[in-house]
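1. I need the structure of the sequence given here:
(one chain, ligands or ions: 1)
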Amino acid sequence: MPGKQSEEGPAEAGASEDSEEEGLGGLTLEELQQGQEAARALEDMMTLSAQTLVRAEVDELYEEVRPLGQGCYGRVLLVTHRQKGTPLALKQLPKPRTSLRGFLYEFCVGLSLGAHSAIVTAYGIGIESAHSYSFLTEPVLHGDLMAFIQPKVGLPQPAVHRCAAQLASALEYIHARGLVYRDLKPENVLVCDPACRRFKLTDFGHTRPRGTLLRLAGPPIPYTAPELCAPPPLPEGLPIQPALDAWALGVLLFCLLTGYFPWDRPLAEADPFYEDFLIWQASGQPRDRPQPWFGLAAAADALLRGLLDPHPRRRSAVIAIREHLGRPWRQREGEAEAVGAVEEEAGQ
Ligand SMILES: Nc1ncnc2c1ncn2[C@@H]1O[C@H](COP(=O)(O)OP(=O)(O)OP(=O)(O)O)[C@@H](O)[C@H]1O
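-> Numbering: from 1, shown residues only. Sure, this is the predicted structure:
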């Protein structure tokens, strides 16, 4: 079942200033500068936000209605403003697990990206309480994508197309600001309506400027790109690129189309499903097509093989999705499509 796995923790270092592309771990100078600008803008925003933190206990200001979700780092509550009654989502990060800097970082990344229609809107309110840090965003009340993916089936095709288009647009927006999202998975995609028409990306705790040096600190998951599993090009790690998100988007779309992960981890020596995929990727021959891919149509093959190219420089950008939206992504549409059609009518 797709989801419920978490990627690596960062082993970060500042980006190199070497002018040779080789010395930049494969990044061009322009790419490196884009990441450095994003890092500087975030630092400024964090300094300002630290000065305007509200110091109060959450229940003095907001009334808890119900939990909306729980992650490894924090919990998210539906609350209402005590005076105005406005419903809000409050993400609360316990102090023992989150530094002030870590909190400000996630808060400011969310604030800087929240104007996009497929990214959860952040309100510029950060709260420091005795035992936690919190910030407020718009509440999205239909849960996350995990609840909508039917095991062994996936999502109805029209919903997959909409989700793909909206997530690609959100990721393109993030990449254009010099950032890499790094945590694409169903739990971080919020669903705005029961017919799956609108989606919003949330959780910017792992987002980092392009060129940040990272090493895999835990076991890889299906969404982990293979370049992060390989020995890093620089001693401090891999300079991260938007291609990491393109990979994760390819894996997520496979899950939405089939209800399965394509593999457990992108390691040919340890995962036969990934090994079979690499053989097919290299040959392009129909006879090498792995069994889990049988139900996909030619447009989905072309899209996913581009997003899941093992070489990050050859991998398609997330926006490649646009070229493939008008065509079917599954070979045969069955029960799931019928359910989708009914839900769509109901949602109109
Ligand atoms: N604005 C929101 N509206 C509704 N539900 C939300 C909202 N934000 C988050 N959630 C729910 O809360 C869950 C946990 O939130 P989030 O991913 O931000 O926490 P986390 O601790 O950073 O998670 P992770 O372990 O993935 O890093 C999400 O999977 C989602 O179901």
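
2. alpha carbons only for contacts and neighbour counts from here, please
-> OK.

3. Apart from its neighbours in sequence, what residue is nearest the residue in the stretch 201-348 of the chain that the ligand sits nearest to?
-> Closest residue of the stretch 201-348 of the chain to the ligand, CA to the nearest ligand atom: residue 203 (4.1 Å). Spatially, and ignoring its direct neighbours in sequence, residue 203 is nearest to residue 188 (6.2 Å; CA to CA, 6 or more residues apart in numbering).

4. what sits up against stretch 154-169?
-> Outside stretch 154-169, the residues that touch it by CA atoms under 8 Å, 6 or more residues apart in numbering are 118, 148-149, 195-201, 249, 253, 255-260, 318-319, 321-322, 325, 328-330, 333, 336-340.

5. Pull out the buried positions in it.
-> 154-169 (16 or more other CA atoms under 10 Å).

6. and the ligand, which of those residues contact it?
-> For the ligand, no contacts are drawn from the buried residues of stretch 154-169 by CA under 6 Å from any ligand atom.

7. So which of these belong to helices?
-> 157-169 (DSSP state H).

8. about what we covered before: for ChimeraX, what selects the buried ones among the contacts of stretch 154-169?
-> Buried subset of these, written as a ChimeraX selection, criterion 16+ other CA under 10 Å:
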select :118,148,149,195,196,197,198,199,200,201,249,253,255,256,257,258,259,260,318,319,321,325,328,329,330,337,340
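
9. sorry, back to before: want to throw the ones in helices among the buried residues of stretch 154-169 into TSV with distance to residue 53 and pLDDT?
-> What follows is these, written out as TSV (distance: CA to CA, whole Å; pLDDT from 0 to 100):
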residue	distance to residue 53	pLDDT
157	44	95
158	42	95
159	39	97
160	39	97
161	40	97
162	37	97
163	35	98
164	36	98
165	36	98
166	32	98
167	31	98
168	33	98
169	31	98
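
10. Let's have the residues you listed in a markdown table, adding distance to residue 232.
-> A markdown table is the format used below for those (distance: CA to CA, whole Å):
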| residue | distance to residue 232 |
| --- | --- |
| 157 | 38 |
| 158 | 39 |
| 159 | 37 |
| 160 | 34 |
| 161 | 35 |
| 162 | 35 |
| 163 | 32 |
| 164 | 30 |
| 165 | 32 |
| 166 | 32 |
| 167 | 28 |
| 168 | 27 |
| 169 | 29 |
